[in-house]
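Chemist: what's the 3D shape of this:
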Amino acid sequence: MCGRFALTATPEELLELFGLLEAEGFPARFNIAPTQPIIVVVASERAEPGSNLPERKALLVRWGFTPGWVKDPRKFPLLINARAETAIEKAAFRAAMRHRRVLVPASGFYEWQRPAKGSRDAAQAFWVRPRKGGIVALAGLMETWSSADGSEVDTAAILTTGANRAVSHIHDRMPVVIQPEDFSRWLDCKSQEPRDVADLMVPAAEDYFEAIPISEKVNKVTNTGPDLQDEVTPAAPIPKKRRADDRDDGGQMSLF
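Modeler: Next up, the predicted model:
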């Protein structure tokens, strides 16, 4: 599951990591929520064969995937996530898996641990970030939706997979992470079929992330300051492992 994330990198850091043609200035964002604009990285054609120009560019898209065949987005569920295991089989994501795979830069993501059934405790929020810091590239899918009047909206969803050990005690899903050495293969939708990149859609290495308990401030999208990521002492003990019967609804249409 990935219902909120942050991106606080500078344009220079994005240029260096992703090899972009350009990256415009943008403010640090500590609480990115569904329906808001997010940055995605897509493959870009080279100017000339054999050129050393960068092959990627950054775009702003709406976080909330809308398939091209949808008539009225207002009557369609908000698809913020797509399950990596089944995306190629789903009508909503099938075309994007083949033709429009993207990378979503992030500094980390937020996740909520639900309390035990019958408990009056509130859900505990966590800031999940790379242990070594820096930018993480989440696997994403993009689709351009066209209205009857000809206007277009670029939209995207983040792919999720089963959680690794660092996250499984909080939630049983986590976003798919693409490592820098695999950027080109993931973004190459011309020669790399979905089956050719299936090996990339797996949980991150066990020691890649760390989960920091944080306050309930992150629950409100109007709270956007860096203090959202300040560590707190959890109100209740944190279980070592997520309960087997505490599952989400598939991770594609809900926020948390």
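Chemist: contacts, neighbours, all on C-alpha from now
Modeler: Noted.
Chemist: what's the pLDDT at the nearest residue to residue 232 once chain neighbours are set aside?
Modeler: Closest residue to residue 232 apart from its sequence neighbours, by C-alpha to C-alpha, 6 or more residues apart in numbering: residue 214 at 5.1 Å. Confidence at residue 214, expressed as pLDDT, is 97.
Chemist: also residue 252?
Modeler: On the pLDDT scale, residue 252 gets 41.
Chemist: can you list the low-confidence ranges for the chain?
Modeler: 1, 46-54, 118, 236-256 (pLDDT under 70).
Chemist: where do the strands sit along it?
Modeler: For the chain, the strands defined by DSSP state E cover 4-7, 29-32, 37-43, 56-63, 81-83, 101-106, 108-113, 124-130, 136-146, 152-162, 173-175, 209-214.
Chemist: just checking, what's the longest helix in this protein?
Modeler: The longest helix of the chain (DSSP state H) is helix 11-18.
Chemist: how far does that helix sit from its chain's centre?
Modeler: The chain centroid and the centroid of helix 11-18 are separated by 18 Å under C-alpha atoms, centre = their mean, to the nearest Å.
Chemist: what do you get for stretch 154-170?
Modeler: How far stretch 154-170 lies from its chain's middle: 7 Å, per C-alpha atoms, centre = their mean.
Chemist: check stretch 165-184 too.
Modeler: Relative to its chain's centre, stretch 165-184 lies at 10 Å (C-alpha atoms, centre = their mean).
Chemist: check stretch 62-69 too.
Modeler: Distance, stretch centre to chain centre, for stretch 62-69: 14 Å (C-alpha atoms, centre = their mean).
Chemist: about what we covered before: looking at the strands of the chain, which is closest to residue 224?
Modeler: Across the strands of the chain, residue 224 has its closest neighbour in strand 29-32 (5.4 Å, C-alpha to C-alpha).
Chemist: other SSEs contacting that closest one?
Modeler: If you count contacts as 3 or more C-alpha pairs under 8 Å, 6 or more residues apart in numbering; DSSP states H and E, strand 29-32 packs onto strand 4-7.
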